[in-house]
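[1] Here is a sequence together with a model predicted from it:
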Number of protein chains: 2
Amino acid sequence: MLKYQHIADELENYIEEHKLQQGDKLPILQDLMIQFDVSKSTVTKALDLLEKTGVVFQVRGSGIFVRRHKRQGYISLSSNQGFKKNLEEFQITSEVITLDRRKPTKEAAVNLNISLDDDVYYVKRIRFIHGQTLCIEESYFNKSIVTYLNKEIITESIFNYITEGLGLSIGFADTYLHVDKLSAEEAEYLGLKKDDPKLEVESVFHLTNGQPFDFSKITYNYVQSQFFLQAVL
Amino acid sequence: MLKYQHIADELENYIEEHKLQQGDKLPILQDLMIQFDVSKSTVTKALDLLEKTGVVFQVRGSGIFVRRHKRQGYISLSSNQGFKKNLEEFQITSEVITLDRRKPTKEAAVNLNISLDDDVYYVKRIRFIHGQTLCIEESYFNKSIVTYLNKEIITESIFNYITEGLGLSIGFADTYLHVDKLSAEEAEYLGLKKDDPKLEVESVFHLTNGQPFDFSKITYNYVQSQFFLQAVL
């Protein structure tokens, strides 16, 4: 972790611990430099990162303010950092249904930018929130990038393993959402009825070098899930 | 519009015109400085803005690359810029159902951070995409910020009017999504059946100074809509 990322984490903890609310002003740059004993450029980079991830907003000539939405119980769609926090906040657990090595579907191959002869790891998991079924998740990992997976790894956070275990650097995601009706099979997994509403979220995750490494498809239980996202306009 | 924002627009046009695809490399910094006849810091700021809005990604030591998803027909949830583009791309039109000045609902007051005695403009519109009903939109504008609206304005882009007509600077949005079943009234507007799926999107739009000025609630026709969003991880 780079120094400014560490300072960004510290600043976020500071906001949490002091229970700062939306619109509360942060200490000025000079004070933050003293408080964390770092250079101006490190503080500035940390603040830019926090602005990008929606934790603060900067008003020119006026200061840096806390950005915080008021609603509890919403799953963040904005960032991976958000998703890790989701897992902690909501006590989300997983049950592995399938883990195998196979050839990709055509859809997965297109999204991963690989050929139909290439290998993928296929992972199907059910996720639970507070003991209720939250979603069905199917993921296709490009095996030439994510070279190894086992059941223990995929029961925990796969993304932690990819960054820390494999030393890869995760860059960005393209996410597609649509609403539809549940199939009979999906309904059974989720404990709902056929034709009940569902949110389907497809994501293509890329490394920082732009290579897609994970295509995932998540079907959410509409009763258990509500979502939050932030945009800078 | 600041100079770097103008350069960012030019760069985006360049990507469009040259039909650059995801992963295509942009000219190096020095060439962009010459091409647009601007300083290094202006080009850098323009590229940072384009990275924030998901148009490019930067790989340290390697260059700047085009970020572009492959799917057509998805409405962007990521940014307002996206939404203006959506309007052009999809030929979205509006029909005004209601425009009046009133006191806010409790929900609107909380989200706009105003009291129940303050005035809001209430706007209800139906939006059409390629002639089909796309969504029902209800918005509450804080009247002390958005001081005037009329029917002509709200038939066009309200946000264009707010920035250009009123000279306000739009900053960021917090958006909440959930999936549910349509009420009988909603179903009638959308040409669907009661209990069919719906996506409900609530947004709180803020000025750059952090003040919320618009609370809006959109109910989407699930058959006509699919959504796209980008995240930097």
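    That came in fine, so what should we check first?
[2] May I ask you to confirm that A:Arg68 is in contact with A:Lys19?
    No - checked against CB atoms under 8 Å, the pair A:Arg68 and A:Lys19 is beyond contact range at 9.9 Å. C-beta here means a position set from N, CA and C on the backbone, and glycine is covered the same way.
[3] who's more crowded, the two?
    Comparing A:Arg68 with A:Lys19 by neighbour count (other CB atoms under 10 Å in any protein chain shown), the higher total belongs to A:Arg68, at 17 against 8.
[4] element containing the more buried one?
    Here A:Arg68 is covered by no helix or strand, with elements defined by DSSP states H and E.
[5] what's the closest non-adjacent residue to it?
    Sequence neighbours aside, A:Gln22 is the residue nearest to A:Arg68 in space, at 4.5 Å (criterion: CB to CB, 6 or more residues apart in numbering or on different chains).
[6] what's the spacing between that neighbour and A:Asp195?
    39 Å (CB to CB, to the nearest Å).
[7] where are the low-confidence patches of chain A?
    A:70, A:78-89 (pLDDT under 70).
[8] Which single helix of it contains the most residues?
    Looking across chain A with DSSP state H, the single longest helix is helix A:3-17.
[9] so, in contact with chain B or not, that one?
    No - using CB under 8 Å from any CB of the partner chain, helix A:3-17 never reaches chain B; the gap is at least 12.6 Å.
[10] Might you name the residue of chain A sitting closest to chain B?
    A:Pro197 (3.3 Å; CB to the nearest CB).
[11] my guess is that residue contacts A:Leu182, does it?
    Yes - the criterion here is CB under 8 Å, and A:Pro197 meets it with A:Leu182 at 7.5 Å.
[12] what residues do those two have in common as contacts?
    Jointly contacting A:Pro197 and A:Leu182 under the rule CB atoms under 8 Å, 6 or more residues apart in numbering or on different chains is no residue at all.
[13] need the strands for chain A, in chain order.
    A:56-59, A:63-66, A:75-76, A:92-102, A:120-129, A:132-142, A:170-181, A:197-207, A:212-221, A:227-232 (DSSP state E).
[14] and the last one with chain B, contact?
    Think strand A:227-232. Yes - counting by CB under 8 Å from any CB, chain B is contacted by strand A:227-232 at A:227-232.
[15] Need the residues that contact that strand.
    Against strand A:227-232 from outside (CB under 8 Å, 6+ apart): A:51-52, A:54, A:67, A:69, A:71, A:74-78, A:199, B:52-53, B:77-80, B:171-178, B:229.
[16] Which segments of chain A make up each domain?
    A:3-66, A:75-228 (automatic domain parsing).
[17] got JSON lines for those, with distance to B:Arg101 too?
    Listed next are those as JSON lines, based on distance: least, CB to CB, whole Å:
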{"stretch": "domain A:3-66", "distance to B:Arg101": "26"}
{"stretch": "domain A:75-228", "distance to B:Arg101": "30"}
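[18] deepest of those, which one?
    Of all the domains of chain A, domain A:75-228 carries the top mean neighbour count, a mean of 18, counting by mean count of other CB atoms under 10 Å in any protein chain shown.
[19] gap between that one and the chain center?
    10 Å (CA atoms, centre = their mean, to the nearest Å).
[20] For A:Ile7, which residues are in contact?
    Per CB under 8 Å, 6+ apart, neighbours of A:Ile7: A:36, A:38, A:42-43, A:46.
[21] make that A:Leu207, sorry
    Contacts of A:Leu207 (CB under 8 Å, 6+ apart): A:145, A:168-171, A:213.
[22] same thing with A:Arg101?
    So A:Arg101 contacts A:119-122, A:143 (CB under 8 Å, 6+ apart).
[23] Also A:His130?
    By CB under 8 Å, 6+ apart, the neighbours of A:His130 are A:90-91.
[24] how does it look with 7 Å?
    A:Gln91 (CB atoms under 7 Å, 6 or more residues apart in numbering or on different chains).
[25] any idea how far A:Ile154 is from it?
    With CB to CB as the criterion, A:His130 and A:Ile154 are 21 Å apart.
[26] ditto for A:Glu10
    Distance from A:Glu10 to A:Ile154, counting by CB to CB: 31 Å.
[27] picking that back up, would you format the contacts of A:Leu207 as a markdown table with distance to chain B included?
    Below are the contacts of A:Leu207 laid out as a markdown table (distance: CB to the nearest CB, whole Å):
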| residue | distance to chain B |
| --- | --- |
| A:Ile145 | 15 |
| A:Leu168 | 11 |
| A:Ser169 | 9 |
| A:Ile170 | 5 |
| A:Gly171 | 6 |
| A:Phe213 | 12 |
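[28] between those residues, which is closest to A:Leu112?
    Taking CB to CB as the measure, A:Leu112 sits nearest to A:Phe213 out of the contacts of A:Leu207, at 7.5 Å.
[29] Find the nearest non-adjacent residue to A:Gln5, please.
    A:Leu49 (6.7 Å).
[30] swap that for A:Lys45, please
    A:Tyr4 (3.8 Å).
[31] quick one: contacts for that neighbour?
    A:42, A:45-46, A:49.
[32] Point out the residues in chain A that sit beside chain B.
    Residues of chain A lying close to chain B (CB under 7 Å from any CB of the partner chain) are A:23, A:52, A:57, A:59, A:65, A:69, A:71, A:74, A:77-80, A:170-181, A:197, A:199, A:208-210, A:222, A:226-233.
[33] ok, now with 6 Å
    A:23, A:59, A:65, A:69, A:78-80, A:170, A:172-179, A:197, A:199, A:209-210, A:222, A:226-233 (CB under 6 Å from any CB of the partner chain).
[34] re earlier: the domains of chain A: which one's closest to B:Ala109?
    Closest among the domains of chain A, using CB to CB: domain A:3-66, at 15.5 Å.
[35] Endpoint to endpoint, the closest one covers what distance?
    Domain A:3-66 has an end-to-end distance of 21 Å (CA to CA, to the nearest Å).
[36] how distant is it from the center of its chain?
    Worked out by CA atoms, centre = their mean, domain A:3-66 lies 22 Å from the chain centre.
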